[in-house]
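Visitor: Requesting a structural model of the entry that follows:
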Amino acid sequence: MRITEITGGLRFEVRVQPRSSRNQVIGEQAGALKVKLTAPPVDGEANAALIDFLSGCLKIPRRDIYLVKGETSRSKIVEIMGISRDEFIARIGIKISS
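Guide: Predicted coordinates:
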């Protein structure tokens, strides 16, 4: 998975699967973090659910998570401020290839 360190945080790709039976991180898929969400992909519900879910998993405020690209796509680019690459890997709870 490609995690790019930026000033004050990091940026990575997320692949979302909406309308799942539960919210969970599946692992790495094609260089992106695969996340299943219960929210439907309408009216930004899945985007809001993704930010809420990542906030809870990583124990950081919602205001520090930004959807940079992919508002209407399953593939998204996310920026998270106030966390290092090592902290992210430790908190997300999956093995990530370099």
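Visitor: helices or strands up against whichever strand or helix holds residue 11?
Guide: For residue 11, the host element (DSSP states H and E) is strand 9-17. Counting contacts by 3 or more Cβ pairs under 8 Å, 6 or more residues apart in numbering; DSSP states H and E, strand 9-17 is packed against strand 3-6, strand 32-36, helix 45-58, strand 75-81. All C-beta atoms are positioned from the backbone trio N, CA, C, and that covers glycine.
Visitor: among the ones you listed, which is the most enclosed?
Guide: When those are scored by mean count of other Cβ atoms under 10 Å, the highest mean neighbour count falls to strand 32-36 (a mean of 21).
Visitor: which regions of the chain sit below the pLDDT cut-off?
Guide: Where the chain drops to pLDDT under 70, the residues are 96-98.
Visitor: Kindly recompute the last result at 50.
Guide: Along the chain, no part satisfies pLDDT under 50.
Visitor: tell me the contacts of residue 61?
Guide: Neighbouring residues of residue 61 by Cβ atoms under 8 Å, 6 or more residues apart in numbering: residue 55.
Visitor: can you tell me how far it sits from residue 83?
Guide: 11 Å (Cβ to Cβ, to the nearest Å).
Visitor: looking at it, residue 91 is touching residue 58, isn't it?
Guide: Yes - the criterion here is Cβ atoms under 8 Å, and residue 91 meets it with residue 58 at 4.9 Å.
Visitor: what's the overlap in contacts for those two?
Guide: What both residue 91 and residue 58 touch, as defined by Cβ under 8 Å, 6+ apart, is the set residue 83.
Visitor: Turn the helices and strands packed on strand 9-17 into a markdown table, columns for distance to residue 21.
Guide: Formatted as a markdown table, the helices and strands packed on strand 9-17 follow (distance: least, Cβ to Cβ, whole Å):
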| stretch | distance to residue 21 |
| --- | --- |
| strand 3-6 | 28 |
| strand 32-36 | 8 |
| helix 45-58 | 14 |
| strand 75-81 | 21 |
